[in-house]
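K.L.:
Just to be clear, the model below is a prediction. Sequence and coordinates:
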Amino acid sequence: MPWGESPVSFFDYPNEPPAPSGNVDLLLADASDEEWATLLEHTRYRRFGPGDAIVTAGERDQSLYLVLEGQLEVLADRGRRGHRRIAFVGAGSVIGELSFFDGEGRSALVRAVTAAVLA
């Protein structure tokens with residue numbers, strides 16, 4: 001598969017080189033299983049089918065999502081030419097972090113490639 005085939009980490013952004021591998025890729029890398037269980041107790045699980053839009057570019061929403069299962073694609077708007085895939089993300093990734101922190105509109109369309117579960 002082309003560039004972007006492998007899951008993108010929390011610290012990877014379009015037009016930037018990928019983050020180095022290692023614990024820097026992991027959200028809350030030092031959290032224990034018990035701490036993760038507590039976090040997940042306070043989340044709402046959402047299921048998406050292939051082709052379902054999870055977030056839409058320009059949408060104002062400060063939700064942050066943890067990808068628990070499945071594969072997603074991140075698409076940049078190219079105007080009249082449609083969208084360009086800029087990345088794939090998979091289980092263990094986080095999406096929506098930019099809007100979560102800055103309160104601005106979503107920067108890209110994120111769509112499920114396979115059945116997916118997010119928290």
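P.N.:
All right, it came through fine. Residues are numbered from 1 along each chain as shown.
K.L.:
For this protein, which segments count as helices?
P.N.:
Using DSSP state H, the helices of the chain run over 33-41, 97-102.
K.L.:
Return the most buried member of the ones you listed.
P.N.:
Each of the helices of the chain was scored by mean neighbour count; the highest is helix 97-102, a mean of 14, by mean count of other C-beta atoms under 10 Å. The C-beta positions use only the backbone N, C-alpha and C, and glycine is treated the same way.
K.L.:
before we move on, back to that, ok, of the helices of the chain, where does mean pLDDT dip lowest?
P.N.:
Note on those: helix 97-102 shows the lowest mean pLDDT, a mean of 81.
K.L.:
just to revisit the earlier point, to Gln71, which of the helices of the chain lies closest?
P.N.:
helix 97-102 (18.5 Å; C-beta to C-beta).
K.L.:
what residue lies at the spatial centre of the protein?
P.N.:
Ile95 (2.6 Å; C-alpha atoms, centre = their mean).
K.L.:
quick one: that residue and Arg81, what's the gap?
P.N.:
Distance check for Ile95 against Arg81: by C-beta to C-beta, to the nearest Å, it reads 24 Å.
K.L.:
Ala29: how many residues sit nearby?
P.N.:
10 (other C-beta atoms under 10 Å).
K.L.:
From Gly92, how far out is it?
P.N.:
Using C-beta to C-beta, Ala29 is found at 11 Å from Gly92.
K.L.:
For Glu59, which non-adjacent residue is closest in space?
P.N.:
Arg106 (4.7 Å; C-beta to C-beta, 6 or more residues apart in numbering).
K.L.:
Pull stretch 78-86 out as CSV, backbone CA atoms only.
P.N.:
C-alpha atoms of stretch 78-86 as CSV (Å, rounded to 0.1, in the frame of the first residue of the first chain):
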residue,chain,number,x,y,z
ARG,A,78,-9.3,19.3,-2.5
GLY,A,79,-12.3,21.4,-3.4
ARG,A,80,-13.9,20.4,-6.8
ARG,A,81,-11.4,17.6,-7.1
GLY,A,82,-12.9,15.8,-4.1
HIS,A,83,-10.7,14.4,-1.3
ARG,A,84,-7.2,13.1,-1.1
ARG,A,85,-6.3,10.3,1.4
ILE,A,86,-3.5,11.6,3.7
